[in-house]
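J.: Curious how this folds, go ahead:
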Amino acid sequence: MPMKSGDRIPGGLTVIITLIILCACALIGTLVLQGQDIEVSTLFNGEDEKNILSIKDYHSSQPTATAFQPISAITSQPTLLAPTATVMAPINPTATPLPLPSPTPAEIEIPASHYISGVFGLQQLTTLDCEARSAVDWARYFGVSIDEVEFIDKIPLSDDPEIGFVGDINGAMGQLPPDSYGVYPPPIAAILREYGLNATAVSNFTYEDLQREIANDRPVIVWIVNLPFEIEPDVYTASNGNTVPVAPFEHTWIVSGYNLSTVTVVDSEWTYNVKLETFLERWAVFDNRAIILQD
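T.: Modelled structure (predicted):
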């Protein structure tokens, strides 16, 4: 029977309607959760032509999903970066190597023996002119020709043999200053320098130094006690206060060679060998005085 306005809905019907509404709400909620796109008016308008799509129909209507295929990883081989070394130009210009310094005389190796050819002497003009004779013969070896008489005239006179000739050049042999005696290296070297030779007077010159001079083909004038006379060393003080070693038969030789046991000397017109021990003993009396040629 139709209900009239103002009639109350029976209690049982109210419960049924309420349950229907609740079920409809639950169904809508479920469909929403399943992601369905539904018009709510279809449920309440009762339009039969619009059916609710089931879950199965929904999925069948969707495009087939292609399973995710990960892009295959490109396995790259590590490339070893070997940097090419670049030769850098030097900041400073290339330095030219400096020549090695020439060895000093003390560094030159001394040979066991050496002899200088071309050294010879002439006979003395007077009894005590041995220093002048040796000087002139020594200069000749180095290419300088000197007249001995001219050379003798240049030697100053003094009672000090370091300054000039002591006594008379024609005097007797075997005397001591201030009698007729001789002259030492400094005045003789000074005269030789007048002729362009770099002659140098030395004392306390070692035998090794002498050997080096000979090994370099430079003969040396030495002051010794002459053979075969006894060695009688003494000390003399000149008027100027200078004190020097002296001995009878003071003499000069030119050393032109040596070996392990002898020394070769030029004595005026003679050339001969002297035992090394004898040479060193007679040279030491005058403190190893000598004249050498310096470069």
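J.: does the closest residue to residue 267 other than its chain neighbours sit in a helix or strand, and which one?
T.: Distances taken as C-beta to C-beta, 6 or more residues apart in numbering place residue 253 nearest to residue 267, at 5.4 Å, with adjacent residues excluded. Quick note: C-beta positions are derived from backbone N, CA and C, even for glycine. If you go by DSSP states H and E, residue 253 is part of strand 250-258.
J.: and the helix or strand following that strand, what other elements does it pack with?
T.: Read in the C-terminal direction, the helix or strand following strand 250-258 is strand 262-267, with elements assigned using DSSP H and E. With contacts taken as 3 or more C-beta pairs under 8 Å, 6 or more residues apart in numbering; DSSP states H and E, strand 262-267 sits against strand 250-258, strand 270-275, helix 276-284.
J.: Just the CA trace of strand 262-267, in PDB.
T.: This file holds the C-alpha atoms of strand 262-267, laid out as PDB (Å, rounded to 0.1, in the frame of the first residue of the first chain):
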ATOM      1  CA  THR A 262     171.000   8.000 -10.100                       C
ATOM      2  CA  VAL A 263     170.800  11.600 -11.200                       C
ATOM      3  CA  THR A 264     172.200  12.800 -14.500                       C
ATOM      4  CA  VAL A 265     174.000  16.200 -14.300                       C
ATOM      5  CA  VAL A 266     175.700  18.500 -16.800                       C
ATOM      6  CA  ASP A 267     178.900  19.900 -15.300                       C
END
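J.: Not counting its own residues, what contacts that strand?
T.: 115, 119-121, 134, 137, 219, 222, 251, 253-258, 271-276, 279 (C-beta atoms under 8 Å, 6 or more residues apart in numbering).
J.: Report the angle between it and strand 250-258.
T.: When axes from the mean of the first three to the mean of the last three C-alpha atoms, to 10 degrees is applied, the directions of strand 262-267 and strand 250-258 differ by 130 degrees.
J.: Direction included, what does strand 262-267 pair up with?
T.: strand 250-258 (antiparallel), strand 270-275 (antiparallel) (DSSP bridges).
J.: Out of those strands, which gets nearest to residue 206?
T.: Closest approach to residue 206 among these is made by strand 250-258 (13.1 Å; C-beta to C-beta).
J.: what does the average pLDDT come to for the strand holding residue 253?
T.: Predicted confidence along strand 250-258 averages 99 (mean pLDDT).
J.: what's the answer for stretch 207-216, then?
T.: For stretch 207-216, the per-residue pLDDT values average out at 98.
J.: if we can go back for a sec, now the strands paired with strand 262-267 in TSV, with mean neighbour count?
T.: Listed next are the strands paired with strand 262-267 as TSV, based on neighbours: other C-beta atoms under 10 Å:
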stretch	mean neighbour count
strand 250-258	25
strand 270-275	14
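J.: right, so of these, which gets closest to residue 177?
T.: With C-beta to C-beta, the closest approach to residue 177 among the strands paired with strand 262-267 belongs to strand 250-258: 9.5 Å.
J.: And the contacts of the closest one?
T.: Residues from elsewhere that reach strand 250-258 (C-beta under 8 Å, 6+ apart): 113-116, 119, 121, 130-131, 133-134, 137-138, 181-182, 210-211, 214, 219-226, 263-267, 271, 276, 286.
J.: now do 7 Å
T.: 113-116, 119, 121, 130-131, 134, 137-138, 181-182, 210-211, 214, 219-226, 263-267 (C-beta atoms under 7 Å, 6 or more residues apart in numbering).
J.: Turn the buried ones among the residues you listed into a named PyMOL selection, would you?
T.: For selection in PyMOL, the members of the contacts of strand 250-258 meeting the burial criterion (16 or more other C-beta atoms under 10 Å) are listed in this command:
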select buried, resi 114+116+119+121+130+131+134+137+138+181+182+210+211+214+219+220+221+222+223+224+225+226+263+264+265+266+267
